[in-house]
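Q: sequence? don't have it. structure:
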């Protein structure tokens, strides 16, 4: 019997394998979520580098928020990531939700990144 962590990793790998088939050279926007924090990064898988990232663990983001585990925090991270990505010259990405359901904080981060100028 699989643990919940193993199930999560299987869902994440299944999602990434489907994304690789349709990426066509695009960069990947990967989301990591915990009970207290959320972070996202734009990754170039071909070169193996991270071009832009944002998280609720950053001091300037944390100072503006009352709680880091909320939808408002996810929206702030999404906007910040979009700004940093556009500054790095990235517009088109593929959204990698990992093993998480596209709901709640993950959806809020994605919507905020779209509003910030990212296309996916």
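A: Cool, the structure landed. Model, not experiment: these values are computed from the prediction.
Q: pretty sure residue 82 contacts residue 111?
A: No. If you go by CB atoms under 8 Å, residue 82 and residue 111 don't touch, sitting 10.7 Å apart. For the C-beta atoms, the positions are set from N, CA and C on the backbone; glycine is no exception.
Q: who has more neighbours, the two?
A: The neighbour comparison of residue 82 against residue 111 (other CB atoms under 10 Å) goes to residue 82, with 26 against 14.
Q: got the phi/psi numbers for that one?
A: Per-residue torsions, residue 82: phi -60, psi -40 (degrees, to the nearest 10).
Q: that one - nearest residue in space that isn't next to it in sequence?
A: residue 116 (2.5 Å; CB to CB, 6 or more residues apart in numbering).
Q: so how many other residues sit close to that neighbour?
A: 17.
Q: just the helices in this structure please.
A: 4-22, 59-64, 71-87, 105-115 (DSSP state H).
Q: what's near enough to touch residue 15?
A: Residue 15 makes contact with 96-99 under the criterion CB atoms under 8 Å, 6 or more residues apart in numbering.
Q: buried residues in the helix or strand of the chain with the lowest mean pLDDT?
A: None of the helices or strands of the chain scores lower by mean pLDDT, DSSP states H and E than helix 4-22, at a mean of 92. For helix 4-22, the neighbour count (16 or more other CB atoms under 10 Å) marks 12, 15-16, 19 as buried.
Q: surely residue 41 touches residue 49?
A: No. Here residue 41 lies out of contact with residue 49, judged by CB under 8 Å, at a distance of 10.2 Å.
Q: who are the contact partners of the residue nearest to residue 30 when sequence neighbours are not counted?
A: Ranked by CB to CB, 6+ apart and with sequence neighbours excluded, the top spatial neighbour of residue 30 is residue 96, at 4.5 Å. Residue 96 makes contact with 15-16, 19, 28-31, according to CB under 8 Å, 6+ apart.
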